[in-house]
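Novice: Sequence isn't available, so here's the structure alone:
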């Protein structure tokens, strides 16, 4: 296992979001149904809930240097003031990340009951099993019954429910 720096991991996360932005520009096999949006928003909410800890820990080298009386500031400015300013602005960022998570949780909740009506499929295609859609609540997926469902009928999760969507 390689030892990847926090900066490298953050760069990978940024690149993943950039790739996500490209992948969601146009519909595709894995990006066309309301359940796809529901799943993605749920994951983005999860990601944003982790940001406050990442922000807090990102400041650790600054606070460590300040506590060790080793913090310097360009231009001869006061290290105490600079450290205090860094902590205060990080608190603002943390609060905004928490509000982002809350807002995404609300979007996720609003998306929850949405589905895709395939009863009027212009090609006249029937659903793969003809039984409707399987909603796997524990992982936020909605897809045709019997089609790659990670939770078959024997799923012991209390939150999964096969139900007719049309």
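Specialist: Okay, I see it. This structure is a prediction, so every number in the text was calculated from the model and none was measured. Numbers count the residues shown, from 1 in each chain.
Novice: okay, CA-based contacts and neighbour counts for the rest of this
Specialist: Will do.
Novice: What segments of the chain are helices?
Specialist: With DSSP state H as the criterion, the chain has helices at 6-23, 34-58, 60-67, 79-111.
Novice: Now do the buried residues in the third one.
Specialist: By that I understand helix 60-67. 62, 63, 66 (16 or more other C-alpha atoms under 10 Å).
Novice: would CSV of these with distance to residue 15 and pLDDT be doable?
Specialist: Converted to CSV, the buried residues of helix 60-67 look like this (distance: C-alpha to C-alpha, whole Å; pLDDT from 0 to 100):
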residue, distance to residue 15, pLDDT
62, 26, 96
63, 28, 96
66, 32, 96
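Novice: how near is the residue lying closest to residue 82 once chain neighbours are set aside to residue 79?
Specialist: Distances taken as C-alpha to C-alpha, 6 or more residues apart in numbering put residue 73 closest to residue 82, at 7.3 Å, once the chain neighbours are dropped. Distance from residue 73 to residue 79, counting by C-alpha to C-alpha, to the nearest Å: 6 Å.
Novice: more neighbours, these two?
Specialist: residue 79 (17 against 12; other C-alpha atoms under 10 Å).
Novice: if I read this right, the more buried one contacts residue 68, doesn't it?
Specialist: No: counting by C-alpha atoms under 8 Å, residue 79 stays clear of residue 68, with 11.5 Å between them.
Novice: Where does the prediction get shaky in the protein?
Specialist: For the chain, the stretches flagged by pLDDT under 70 are 1-2, 120-166.
Novice: make it 80
Specialist: Counting by pLDDT under 80, the chain has low-confidence residues at 1-3, 118-166.
Novice: Report the central residue of it.
Specialist: residue 44 (1.8 Å; C-alpha atoms, centre = their mean).
Novice: Near the closest residue to that residue other than its chain neighbours, how many other residues are there?
Specialist: Of all residues not flanking residue 44 in the chain, residue 104 sits nearest, at 7.3 Å (C-alpha to C-alpha, 6+ apart). Applying other C-alpha under 10 Å, we find 20 residues neighbouring residue 104.
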